[in-house]
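Engineer: Got a sequence here, can you model it:
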Amino acid sequence: MFRNPDHVTVVVTNLEEAVCFFELLGFELLIKNLLSGEKASRYLQVDNVKADHFTMVLKECSPKFEIQLLHYRNPKVESNPSIQDLSRPGYNHLCLKVDNLKDTLEYLSKHGLKPRSGILEYQNKKLAFLLGPENITVELAE
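Structural biologist: I've put the predicted structure just below:
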């Protein structure tokens, strides 16, 4: 019945910054749309919605996996500073598998992205957290 993840949507206040972040993680921008109108408002359950909807696809990933960036023009949204608190209930983080964690972290560091934590070896994996757009947590796993 269920096969694999299809996408994750991140609401962002700075679309350009979010695109740059996910490009560094190997995603490429595939589609730019504007969501608006009664049908979109009803589906999202957001009155008078008007939002940029960018679809980014992880290169060379099979099956295909997308990050969808949603940037609201209406209604006005604000960042949630508590989202980076990993002890709060609800959605916690997204984890992406990498071939070599040390090399990946060096590459990201050269582009200004610092890990949120040191490397943790746990359950036969090497793991590290990054702080992403809107203070979401992205984990890398080798």
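
Engineer: mind listing the helices for the chain?
Structural biologist: Applying DSSP state H to the chain gives helices spanning 15-24, 38-44, 101-110.

Engineer: Just tell me which of the ones you listed ends up closest to Met1.
Structural biologist: With C-beta to C-beta as the criterion, Met1 lies closest to helix 38-44 of the helices of the chain, at 22.8 Å. To be clear about C-beta, it is placed using only N, CA and C from the backbone, and glycine gets the same treatment.

Engineer: List the buried residues of that closest one.
Structural biologist: Across helix 38-44, burial judged by 16 or more other C-beta atoms under 10 Å covers 40-41.

Engineer: Need the contact partners of that helix.
Structural biologist: Contact with helix 38-44 is made by 35, 47-49, 51, as judged by C-beta atoms under 8 Å, 6 or more residues apart in numbering.

Engineer: And for stretch 27-35?
Structural biologist: By C-beta under 8 Å, 6+ apart, the residues outside stretch 27-35 that reach it are 19, 23, 44, 49-59, 66-67, 70.

Engineer: hey, which of the helices of the chain is tucked in deepest?
Structural biologist: helix 15-24 (a mean of 17; mean count of other C-beta atoms under 10 Å).

Engineer: just how off-centre is that one within its chain?
Structural biologist: Distance of helix 15-24 from its chain centroid, counting by C-alpha atoms, centre = their mean, to the nearest Å, is 9 Å.

Engineer: what angle do that helix and helix 101-110 make?
Structural biologist: 150 degrees (axes from the mean of the first three to the mean of the last three C-alpha atoms, to 10 degrees).

Engineer: circling back: from the contacts of stretch 27-35, list the buried ones, please.
Structural biologist: By 16+ other C-beta under 10 Å, the contacts of stretch 27-35 give 19, 49, 51, 53-58, 66-67, 70 as buried.

Engineer: who's the residue nearest to Leu69 when sequence neighbours are not counted bridged to?
Structural biologist: Nearest residue to Leu69, sequence neighbours excluded (C-beta to C-beta, 6 or more residues apart in numbering): Phe54, at 4.3 Å. Residues in a beta bridge with Phe54, per DSSP bridges, are Lys32, Leu69.

Engineer: Tell me how far Phe54 lies from Val11.
Structural biologist: Counting by C-beta to C-beta, to the nearest Å, the gap from Phe54 to Val11 is 12 Å.

Engineer: Many thanks, have a good one.
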